[in-house]
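Visitor: Task: produce atomic coordinates for the following.
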Amino acid sequence: MTVEVQATHHTETTIVLTREERIEVDTIARYLAGRPPRLVDSAAWLDAARELSSHLPVRLRQTIRHFSWDPGPDALLLIRNLPVEAGELPDTPNIPGSVQRESSVPAAAEVLIGLQLGELIAFKEEKSGALVQDVVPVPGMEKFQGNAGSVMLSMHIENAFHPHRPDYVGLHCLRSDHENVAGTQVASIRNALSLLPEKVRAVLHEPRFVTEAPASFGDLDSGAGPQGILSGSPEDPDIRIDFESTVPLDGTATEAMSLLGEALTAVCRTSILKPGDLAIIDNRLALHGRSEFTPRYDGRDRWLQRIFVHRDQRRSRGMRPGNGNVLTSGD
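Guide: Below you'll find the model as predicted:
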């Protein structure tokens, strides 16, 4: 059985900031970046960010609010023309586990926007629990299936194995790759569902799949049991799958997962992010990946900064010591 590929109409949600709106965001982000202790992970700094996020341009806040209510078929929001000044950027980091601990204007802008969706979270085992994480190529890790690699990154739900995986993933472009070919790929189950036969959908809802922690979590044993790839409403389900880490448990499940892959490939869209672009992906509905590119390790390689957001932070309270923003597996 194969998936019948049909043309899919994408209804992209995009907002391009006007010059005046960009200045507004830049002014607020610079003020926040300078607030003591100038540490993104500081509770005091985040408190200031929560307050200031309500001062973002009205049209931007309205767009984010509408997206949080209904992310649309693509489950993707593109915010363009955010303040990123090339002359103010340091060299692109190129070490494993690179994160943004000190406040900066781009990090502040992304945090301000993220806080309009919910609360920022991170995972202790990944990127040392930093709230703003660098997505950059690392020498010697070109084939790594994770944010440090530069080969094609398989489609996945972010941290699909985790019971409290992010609701949203933000990818903020600070610097493009040299050839401008690295594409952020997004595929929504809302677009793919109609391509799947009803029997295949039913199998995907059944607990016939196991998803382990991704390579970015090291040797963490997720202890995951069998679960469905799809959950919730049959007409509008959530999805949780990582094509590198999800394993079907029988032949029928294997075929269903293969057909799902074909359907998602058929509806996949690619966006080449430019400096100042922020892609917000609804991690409950859309997988993402990345096309291949060639880094030069010359300080000017592709550089994205990533955040994770929970809509309802309360549900993960048992895994966040001290009611902080970092989830640990041992609590």
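Visitor: list the contacts for the most centrally placed residue in the chain?
Guide: Residue closest to the average C-alpha location in the chain (CA atoms, centre = their mean): residue 169, at 2.7 Å. For residue 169, the contacting residues are 158, 280, 281, 283, 288, 306, 307, 308, 309, by CB atoms under 8 Å, 6 or more residues apart in numbering. No exception for glycine: its C-beta is placed from N, CA and C like everyone else's.
Visitor: ok, the fourth one - how many residues close by?
Guide: By other CB atoms under 10 Å, 24 other residues sit near residue 283.
Visitor: now the third one
Guide: For residue 281, the count of nearby residues is 24 (other CB under 10 Å).
Visitor: was I right about it contacting residue 185?
Guide: No. Between residue 281 and residue 185 there is no contact under CB atoms under 8 Å: 10.4 Å.
Visitor: residues shared between the contacts of those two?
Guide: residue 288.
Visitor: Kindly tell me how buried residue 97 is, as a neighbour count.
Guide: Going by other CB under 10 Å, the residues that sit close to residue 97 add up to 15.
Visitor: Tell me the spacing between it and residue 216.
Guide: Distance, residue 97 to residue 216, using CB to CB, to the nearest Å: 9 Å.
Visitor: what sits in contact with each of these two?
Guide: residue 127.
Visitor: sorry, back to before: tell me the pLDDT at the residue nearest to the centre of the chain?
Guide: Note for residue 169: predicted pLDDT of 98.
Visitor: Just list whatever residues bridge to it.
Guide: Counting by DSSP bridges, residue 169 is bridged to residue 281, residue 308.
Visitor: Likewise for residue 246?
Guide: residue 211.
Visitor: Need the pLDDT of the nearest residue to residue 119 once chain neighbours are set aside.
Guide: Of all residues not flanking residue 119 in the chain, residue 313 sits nearest, at 4.1 Å (CB to CB, 6 or more residues apart in numbering). Residue 313 is assigned 94 on the pLDDT scale.
Visitor: What would the helix or strand hosting residue 173 look like as PDB? C-alpha coordinates only.
Guide: Here residue 173, judged by DSSP states H and E, is contained in strand 168-175. What follows is strand 168-175, C-alpha atoms only, in PDB (Å, rounded to 0.1, in the frame of the first residue of the first chain):
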ATOM      1  CA  TYR A 168       6.100  24.900  21.100                       C
ATOM      2  CA  VAL A 169       9.600  25.100  19.700                       C
ATOM      3  CA  GLY A 170      11.000  28.500  18.700                       C
ATOM      4  CA  LEU A 171      13.900  28.600  16.200                       C
ATOM      5  CA  HIS A 172      15.400  32.100  15.800                       C
ATOM      6  CA  CYS A 173      17.900  32.700  12.900                       C
ATOM      7  CA  LEU A 174      20.800  34.800  13.800                       C
ATOM      8  CA  ARG A 175      23.000  33.900  10.800                       C
END
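Visitor: Show the subsequent helix or strand relative to it.
Guide: Defined by DSSP H and E, the subsequent element after strand 168-175 is strand 184-188.
Visitor: Tell me the helices and strands packed up against that following strand.
Guide: helix 251-267, strand 269-271, strand 278-282, strand 286-290 (3 or more CB pairs under 8 Å, 6 or more residues apart in numbering; DSSP states H and E).
Visitor: Out of these, the one nearest residue 46 is which?
Guide: strand 278-282 (18.5 Å; CB to CB).
Visitor: Please state the offset of that closest one from the chain centre?
Guide: 6 Å (CA atoms, centre = their mean, to the nearest Å).
Visitor: what helices or strands is that strand leaning on?
Guide: Using 3+ CB pairs under 8 Å, 6+ apart, strand 278-282 sits against helix 58-69, strand 76-80, helix 105-114, strand 168-175, strand 184-188.
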